[in-house]
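> Structure for this input, please:
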Amino acid sequence: MEKHEQYMRVFNQFDTNRDGKISPVELKQCVASIGGEMTAEEAEAAVVLMDSDCDGLLNLEDFVKIVDGANEEEKGNDLKEAFKMYEMEGSGCITPRSLRRMLCRLGERRSIEDCKNMIGYFDLNDDGVLNFDEFKVMMSC
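Now for the predicted structure:
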């Protein structure tokens, strides 16, 4: 099924009164139905923030932006978790040594020199290590 069709199916399920829009009340119910919590005030604020035509309701396009934004946030969180696995003792960077250690854990033996070269390719500020922003660039390739 195409991504847009999936969004439309979910949107239609949340649009309980079938008016083609999701109200703050419906949004609150949506969040509760998937196990989340949202106050009426939070639902109202979310609608105001994402409502593109200022009618106090979310249309399908607004809904897609919210879902895509949540997906991006989830991807960012996943990247942060992956980065933490590679970094050395919470230093905030991936060193050649920490990269080698993680690659060994994954069953790939590399020398420190190999790891320096791998880091050097994405080390945008030439400090010999990868910070989180450089790691994101590396992972997007």
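> and D15, what is it in contact with?
Counting by CB atoms under 8 Å, 6 or more residues apart in numbering, D15 touches K21, I22, E26. (Glycine included, C-beta is placed from N, CA and C.)
> By mean pLDDT, which helix or strand of this structure comes out lowest?
Taking mean pLDDT, DSSP states H and E as the measure, the chain has helix 60-86 as its least confident helix or strand, at a mean of 80.
> So which bits of it are buried?
The neighbour-count check on helix 60-86 (16 or more other CB atoms under 10 Å) flags L60, D62, F63, V64, I66, F83, Y86 as buried.
> What is it packed up against?
Other elements packing on helix 60-86 under the criterion 3 or more CB pairs under 8 Å, 6 or more residues apart in numbering; DSSP states H and E are helix 3-14, helix 40-50, helix 96-105, helix 132-140.
> Number of residues surrounding the residue lying closest to F63 once chain neighbours are set aside?
The shortest distance from F63 to any non-neighbouring residue, by CB to CB, 6 or more residues apart in numbering, is to F11 (5.0 Å). Neighbours of F11 under the rule other CB atoms under 10 Å: 21.
> so who does F11 touch?
By CB under 8 Å, 6+ apart, the contact set of F11 is I22, L60, F63, V64.
> roughly how far apart are the third one and F135?
To F135, F63 is 31 Å away according to CB to CB, to the nearest Å.
> The first one now?
Here the distance between I22 and F135 works out to 36 Å (CB to CB).
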